[in-house]
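Enquirer: I would like the atomic coordinates for the input below:
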Amino acid sequence: MLRYVPQIGVPRNPSPWLRLGGDVAALIHGPWLSVSNFLCAEFCPPRAALWTLVISGGYLDTVIVVLSAILLFRLYRSVLYDR
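Expert: I've put the predicted structure just below:
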């Protein structure tokens, strides 16, 4: 449909910082994916319940990351300006 489809995603040779960010994101989202895989293998719940768990876990992870970044930024500023 589109003449020139934009290529979105990770570049072929990502920078080390981009790789580190991807690794941290995978590490943060890993527990929720493991819980949903365990539930699927043991109890076979409906797909909507699994998606709800994964999506709410992703939102919770995002909130935790943002609050951690704010806390680290405030801590850095307090150490920097207390000198």
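
Enquirer: mind listing what residue 38 touches?
Expert: By CB atoms under 8 Å, 6 or more residues apart in numbering, residue 38 lies in contact with nothing. In short, each C-beta sits where N, CA and C put it, glycine included.

Enquirer: residue 60 now?
Expert: Shown in contact with residue 60 (CB under 8 Å, 6+ apart): no residues.

Enquirer: sec struct for it, please.
Expert: Secondary structure, DSSP: H, G, I helix; E, B strand; the rest coil: residue 60 is helix.

Enquirer: got a pLDDT number for it?
Expert: For residue 60, the pLDDT comes out at 88.

Enquirer: could you work out the end-to-end span of stretch 38-54 for me?
Expert: End-to-end distance of stretch 38-54 (CA to CA, to the nearest Å): 12 Å.

Enquirer: residues of that stretch that come out buried?
Expert: For stretch 38-54, the neighbour count (16 or more other CB atoms under 10 Å) marks 50, 53 as buried.

Enquirer: next one: that stretch to chain centre, how far?
Expert: Centroid separation between stretch 38-54 and its chain, computed with CA atoms, centre = their mean, to the nearest Å, is 19 Å.

Enquirer: that one - what's its average pLDDT?
Expert: 82.

Enquirer: begin at 2 from here
Expert: Taking 2 as the first residue, the last one we looked at is stretch 39-55.
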